[in-house]
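# Need a 3D model of the following:
(one chain, ligands or ions: 2)
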Amino acid sequence: MEKETEATKDEPAAPAPAPRVAVVLFLLKGKSSVLLGRRRSSIGDSTFALPGGNLEFGEGFEECAIRELKEETGLEVQRTEFLTVTNNVFVESPKPSHYVTVFLRARLDDPNQVPRNLEPEKCHGWDWYDWGDLPSPLFWPLEKMVKSGFNPFAKIPS
Ligand SMILES: Nc1ncnc2c1ncn2[C@H]1C[C@H](O)[C@@H](COP(=O)(O)OP(=O)(O)OP(=O)(O)O)O1
Ligand SMILES: [Mg+2]
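Numbering: from 1, shown residues only. Ligands and ions are numbered 1, 2, ... in the order given. Model prediction:
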């Protein structure tokens with residue numbers, strides 16, 4: 001049953017907070033490079049994270065990843081593969097939030113494409129980092145994956 005906060009005489013009841021869905025992309029280059037950007041956000045400010053964002057109503061995961069990548073970096077990919085999904089509750093951010101995050105991966109269609117920082121209000125800039133020598137601090141959900149041994153370059157079991 002949907003929970004609602006108590007309505008007052010003048011204000012309608014606010015809907016109870018609900019989990020949201022995000023789609024993020026491991027964009028891979030060569031044998032071991034991934035694209036990361038330093039976040040400017042109330043969630044994970046200044047930490048290094050993957051391109052991606054909120055799934056829009058009616059959108060597919062791949063469609064969302066391709067759109068967010070293009071909006072944030074100008075880079076284009078044609079197809080993606082599903083990697084994993086994680087459940088992340090951000091209790092300490094100013095506005096607590098809960099994200100179910102879908103991780104996809106892709107390779108650059110043209111390895112000579114250069115990322116541009118098209119949303120500078122959300123990111124300090126994009127760059128390629130070696131998976132064996134990642135920058136610090138990583139956005140904590142990503143840090144957790146790295147620590148658990150997750151490898152976005154691994155062959156996906158069929
Ligand atoms: N690497 C990650 N691991 C887990 N969750 C992540 C990761 N990256 C992002 N998220 C979650 C938490 C973020 O607040 C949420 C939305 O991504 P974020 O990049 O903040 O949105 P956005 O501002 O690009 O979205 P939009 O463009 O839709 O407004 O996704
Ligand atoms: Mg984003």
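
# contacts, neighbours, all on C-alpha from now
OK.

# And stretch 82-101, what's buried?
Within stretch 82-101, the residues scored as buried using 16 or more other Cα atoms under 10 Å are 90, 97-101.

# now check that stretch, is it near ligand 2?
No. Counting by Cα under 5 Å from the ion, ligand 2 has no neighbours in stretch 82-101; the shortest distance is 11.8 Å.

# So that stretch, near ligand 1 or not?
Yes. Stretch 82-101 is in contact with ligand 1 by Cα under 6 Å from any ligand atom, via 99, 101.

# hang on, the earlier thing: residue 150: which of the buried residues of stretch 82-101 is nearest?
residue 101 (15.0 Å; Cα to Cα).

# mind checking the backbone torsions on residue 63?
phi -60, psi -40 (degrees, to the nearest 10).

# What's the local residue count around it?
15 (other Cα atoms under 10 Å).

# same check, this time on the one 3 residues further on
For residue 66, the number of neighbouring residues by other Cα under 10 Å comes to 22.

# mind checking the backbone torsions on it?
phi -70, psi -40.

# Would you mind listing what in the chain touches ligand 2?
So the chain meets ligand 2 at 52-53 (Cα under 5 Å from the ion).

# Which positions in the chain make contact with ligand 1?
22, 24, 43, 49-50, 52-54, 99, 101, 141-142.

# Quick check: strands, which of the residues you listed are part of them?
22, 24, 49, 52-54, 99, 101 (DSSP state E).

# show me where this structure has helices.
Assigned by DSSP state H, the helices in the chain fall at 61-73, 140-147.

# Identify the residues contacting the longest one?
Residues outside helix 61-73 that contact it (Cα atoms under 8 Å, 6 or more residues apart in numbering) are 23-25, 51-56, 75-81, 102, 104, 115-119, 126.

# from those residues, which would you call buried?
Taking 16+ other Cα under 10 Å as the criterion, what is buried in the contacts of helix 61-73 is 23-25, 51-55, 75-77, 80, 102, 104, 115-117, 126.

# now the strands for this protein?
Under DSSP E, the chain gives strands at 20-29, 33-39, 48-49, 52-54, 81-90, 97-107, 123-130.
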